[in-house]
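K.L.:
structure of the sequence below:
(chains A and B)
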Amino acid sequence: MAGIVKVRLEVNGREYIVDVPPHERLIDTLRYRLGYTSVKEGCGRGECGTCIVLVNGLPRHSCLTLTSTLDGAKITTVEGLAPEGKLHAIQVAFIETRGMQCGFCTSGFIMMTKALLDHNPNPSYDEIKEWLSSTLCRCGSYHYYFAAAKLAAKYINEGKIYFDEKQVREKYHLKVV
Amino acid sequence: MPKYLVDLSPLRRDLSYVVVENGVVRIGALTTLWELSKSILHQDIKYAGFMDVFRKFGTMAIRFNATIGGNIASATQYSDYITLLLVYDAELRLESVHGVRKVRLEEFLVDKRKTILMPNEIITEISFKEPPSKTSSAFIKFDRRELLIAGIVTGAIYLTEEEGRIREARIAFDMISEHRIPGRARSTEKCITGRNISEETLIEAEQCLEKEMKRISDWWATSEYRLEMSKAILRKGLRLVHNRILNGVM
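P.N.:
Here you go, the predicted model:
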């Protein structure tokens, strides 16, 4: 078929082969073909940062990336931060600091936090603010998210990387949707 | 919708580098800003302006994927690396199947989103002479908030000092004439060459800039405001670069 590109992707540790038109955006591949709906589209032009995912460990606006350019890439979204039945320290820190309001921007902040803590496990508040300013939050939860990043760093440095999902849900009254 | 889109990312392996050799700094056009930040350009005070541009460029997430060549090719008054590279007297290497040509960055720019790049050409390298000792630079961006700003007014300043006096001054702004592309303020540069950084010099620099610069009014700001902010950048920038040379730190 003319104009279709075969792309091998590893997303959240799983191998996929997708046939995409060359102009298909990564955000559409992740959300609609592969079902990773944690990735959100706020602006479609690289300004709001809600679509940020990690490509080969580094942040990327999935709304500005063409899937056809990513043959062989490793992609991480929120769904891939922890194994089945577990939550990552970053997710737990975001829950515990109670910053989420509408929750739409949160994926972007979480992925940027992951990238930051991979790069520097002990970031200063200034460095946290610089990295996390990549995403906009219309509800104004910024300072909660900065605190969450600090708390996540603390957990990870204490060796607490994964938490039991069921226990966290019960503790914080989070229903399964 | 373009008929064809060519993906340059396979070229990143060859066109992503920062090297200093034989007195020349050479930067691969497909070097991302993140990669620039890991190079000598973010370590040596001679290149201080590069750190300034980086810190005000879009947001952090953008800097992992934006490339210096991409910023130059966009050719607008908001292409911050152009404004900075103008004060480094940068040259570009343009390549196509027909061969290679080297042009000065100033020659490369024609007008907003218009360059001398031919349809079959790409920028492959940016280069400039390694600055002598007692040199530093600064880039200042004024806009309504900290990040995700294009810059109502931006400016870059490069100074080489000798015995406390300006041996060489290079100054560029987001716009110097009615063309919506960055340009050098050459008369103002001549005005302050040989002088020291004193209040008298700064006042005269502002007066020279006022004569040289032609600002326009548009939807975002008036020409009067832009001129005043340009003078503020000149004043702030000259003092900042002088201090960087004096103290050897940001």
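K.L.:
how about the strand or helix carrying B:Ile245: buried residues?
P.N.:
Using DSSP states H and E, B:Ile245 falls within helix B:223-247. Buried residues in helix B:223-247, counted by 16 or more other CB atoms under 10 Å in any protein chain shown: B:226-231, B:233-238, B:240-242, B:244-245. Any C-beta I mention is one placed from the backbone N, CA and C, and that applies to glycine too.
K.L.:
state the mean pLDDT of stretch B:230-248.
P.N.:
What stretch B:230-248 shows for mean pLDDT is 98.
K.L.:
ok, stretch B:102-115 next?
P.N.:
The model assigns stretch B:102-115 a mean pLDDT of 98.
K.L.:
ok, now stretch A:94-103?
P.N.:
In this model, stretch A:94-103 carries a mean pLDDT of 96.
K.L.:
in space, what's closest to the closest residue to chain A within chain B - neighbours in sequence excluded?
P.N.:
Going by CB to the nearest CB, chain A is nearest to B:Ala61 of chain B, at 3.6 Å. Counting by CB to CB, 6 or more residues apart in numbering or on different chains, B:Ala61 lies nearest to A:Ser134, which is 3.6 Å off, once chain neighbours are set aside.
K.L.:
next: B:Arg186.
P.N.:
Per CB to CB, 6+ apart, closest to B:Arg186 is B:Glu212, 7.7 Å.
K.L.:
for the spatially most central residue of chain A, give me its contacts.
P.N.:
The geometric centre of chain A, computed from its C-alpha atoms, lies nearest to A:Met111 (CA atoms, centre = their mean), at 3.3 Å. By CB atoms under 8 Å, 6 or more residues apart in numbering or on different chains, the contact set of A:Met111 is A:Ile52, A:Val53, A:Leu54, A:Pro59, A:Thr76, A:Thr77, A:Val78.
K.L.:
three-state assignment of it?
P.N.:
helix (DSSP: H, G, I helix; E, B strand; the rest coil).
K.L.:
which residues touch the residue most central in space within chain B?
P.N.:
The centroid of chain B falls nearest to B:Leu84 when counting by CA atoms, centre = their mean (1.2 Å). For B:Leu84, the contact set (CB under 8 Å, 6+ apart) comprises B:Gly49, B:Phe50, B:Asp52, B:Val53, B:Ser137, B:Phe139, B:Ala156, B:Ala172.
K.L.:
next, count neighbours for the closest residue to B:Arg55 other than its chain neighbours.
P.N.:
Take B:Arg55 and drop its neighbours on the chain: the residue closest to it by CB to CB, 6+ apart is A:Glu130, 7.9 Å away. For A:Glu130, the neighbour count with other CB atoms under 10 Å in any protein chain shown is 17.
K.L.:
am I right that A:Glu130 sits in a helix?
P.N.:
Yes - assigned with three-state DSSP, A:Glu130 falls within a helix.
K.L.:
if you count contacts, what does the helix or strand where B:Cys208 lies end up packed against?
P.N.:
Using DSSP H and E, the element containing B:Cys208 is helix B:199-212. If contacts are counted by 3 or more CB pairs under 8 Å, 6 or more residues apart in numbering or on different chains; DSSP states H and E, helix B:199-212 sits against helix B:186-192, helix B:223-247.
K.L.:
who's in contact with the longest one?
P.N.:
Same thing as helix B:223-247. Contacts to helix B:223-247, defined as CB under 8 Å, 6+ apart, come from residues B:45, B:48, B:134-138, B:140, B:142, B:152-159, B:161, B:171, B:173, B:175, B:188, B:192, B:197, B:201-202, B:205-206, B:209-210, B:213, B:215-217, B:250.
K.L.:
of the residues you listed, just the buried ones, PyMOL syntax please.
P.N.:
The PyMOL selection below is limited to those of these classed as buried (16+ other CB under 10 Å):
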select buried, chain B and resi 45+48+134+135+136+137+138+140+142+152+153+154+155+156+157+158+159+161+171+173+175+188+192+197+201+202+205+206+209+213+215
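K.L.:
before I go, just wanted to say thanks for your time.
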